[in-house]
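# What follows is a predicted protein model with its sequence.
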Amino acid sequence: MKRFEILAAVAAAAFVPAIASAQTAPATAPAAGAQASATATVTTGATVYDTSGGVVGTIASTDGTNAVIDTGTNKAAVPLTSLGKGAQGPVLAMTKAQLDAAAGAQQQQAGAAFRSQLVAGASVYGTGGAKLGTIKSVDATNVTLTTAQGDAKLPITGFGPGPQGVTIGMTAAQLSAAMGAAAPAADASTATDTAASTPATGSDAATTTTTKTTTTTKKTKPRK
């Protein structure tokens, strides 16, 4: 069975990690000058402040229940009920550093839980939902995936959780195309290895000639 290393192709389509769901405290009293309303009206692009007036980040998106705050370091989903209404805009009872710490801890926990799913025999799906193959082996940096076309060695960073289980950031068609593009390199490597291991024969064989040199010493009779 052929084995394809398609690290570059998968790196370009690396799986986007899930947005952290930060544990946040309910909105507290807004900073000085804030309005009395408990909940802010949140719109995409709005700047979020902490209770001291410091910038926490901007609203990347909202679904009516949660707001995703982009701090520039992390994207963290927080309940809209955690955002108070201040004079400058939405107010969160956490500083940027506190929100980043909460989001980072949540991502680490989620990452550890996901890594436990990367085991031999686990099914792997593409972003289109189709099953791409099963995991053959896993090391610190790569996952070897067994597919109908052969074994594909993929970077572990290209895998993430999906609705069906372990998912890679490529469709079935993209993976097939990447493996097809890697095939010539794999075949060339095999040919090179075969040639290197085959001993030379016939005119290619090295010929060693040993020349024997004979030295004759002529004895001369002494004069009387």
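Great, that's in hand. Numbers count the residues shown, from 1 in each chain.
# after the helix or strand encompassing A113, next one along is what?
Assigned by DSSP states H and E, A113 falls within helix 96-115. As assigned by DSSP H and E, the chain's next helix or strand after helix 96-115 is strand 123-125.
# relative to helix 96-115, how tilted is the next helix or strand after that next one?
Toward the C-terminus, strand 123-125 is succeeded by strand 131-138 as the next helix or strand (DSSP H and E). Angle, strand 131-138 to helix 96-115, by axes from the mean of the first three to the mean of the last three CA atoms, to 10 degrees: 90 degrees.
# Use 49 as the first number from now on
Okay, using 49 as the starting number, the last item reads as strand 179-186.
# which other helices and strands contact strand 179-186?
If you count contacts as 3 or more CB pairs under 8 Å, 6 or more residues apart in numbering; DSSP states H and E, strand 179-186 packs onto strand 171-173, strand 190-195. Backbone N, C-alpha and C define where each C-beta goes, glycine included.
# partners of the longest one in the sheet?
Strand 190-195 has the following strand partners under DSSP bridges: strand 179-186 (antiparallel), strand 198-203 (antiparallel).
# which residues sit against that strand?
By CB atoms under 8 Å, 6 or more residues apart in numbering, the surrounding residues in contact with strand 190-195 are 51, 55, 166, 172, 180-186, 199-204, 207, 216, 223, 227.
# now with 6 Å?
172, 181-185, 199-204 (CB atoms under 6 Å, 6 or more residues apart in numbering).
# for the shortest one, same thing?
Where contact means CB under 6 Å, 6+ apart, the residues beyond strand 171-173 that reach it are 179-182, 193, 210, 212-216.
# Sounds good, over and out.
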